[in-house]
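Engineer: from the sequence below, what's the structure:
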Amino acid sequence: MDKIKNRENNGVIVHGNRVNDPRFADDINIIKQSNEKLQDTVDKLHSENERYGMHINVVKTKTLEKSQKRMMLK
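Structural biologist: Predicted structure coming up:
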């Protein structure tokens, strides 16, 4: 992941620190400002993974989009 990180101001601020790729064991979260930037990062991650014989499990892969719109729950 370190090889594909770019130095953009992506991610979120948590307690004054910018967080843009939290990792949990063999899971990672990639936080980007746009779908295009997210796709570019995933493409780079995929290419780097292939070099080491690893792959992204698309069945287990999920995306979440944050919106500025307020939603009413019923």
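
Engineer: would you mark the buried spots in the helix or strand hosting Asn49?
Structural biologist: Assigned by DSSP states H and E, Asn49 belongs to helix 35-51. When burial is assessed from 16 or more other CB atoms under 10 Å, helix 35-51 yields the following buried residues: 38, 41-42, 45. C-beta: built from backbone N, CA, C; applies to glycine.

Engineer: can you list the low-confidence ranges for this protein?
Structural biologist: 1-11, 21-25, 71, 73-74 (pLDDT under 70).

Engineer: what residue lies at the spatial centre of it?
Structural biologist: Ile30 (1.2 Å; CA atoms, centre = their mean).

Engineer: now do the SS call for that residue.
Structural biologist: Here Ile30 is recorded as coil under DSSP: H, G, I helix; E, B strand; the rest coil.

Engineer: from Lys60, how far out is it?
Structural biologist: 14 Å (CB to CB, to the nearest Å).

Engineer: follow-up on the earlier one: isn't the residue nearest to the centre of the chain up against Thr41?
Structural biologist: Yes. With contact defined as CB atoms under 8 Å, Ile30 counts as touching Thr41 (5.4 Å).

Engineer: need the overlap of contacts for those two.
Structural biologist: Residues touching both Ile30 and Thr41 (CB atoms under 8 Å, 6 or more residues apart in numbering): none.

Engineer: for Gln68, see how far away the nearest residue to Glu65 once chain neighbours are set aside is.
Structural biologist: Leaving out its chain neighbours, the residue that sits closest to Glu65 by CB to CB, 6 or more residues apart in numbering is Asn35, at 7.7 Å. Remark: distance between Asn35 and Gln68 (CB to CB) = 15 Å.

Engineer: do Asn57 as well
Structural biologist: 31 Å.

Engineer: same deal with His15?
Structural biologist: For His15 relative to Gln68 (CB to CB), the value is 22 Å.

Engineer: what does Val19 give?
Structural biologist: Taken as CB to CB, the span from Val19 to Gln68 is 19 Å.

Engineer: looking at the two, which is more packed in?
Structural biologist: Using other CB atoms under 10 Å, the more surrounded residue of Val19 and Gln68 is Val19, with 13 against 4.
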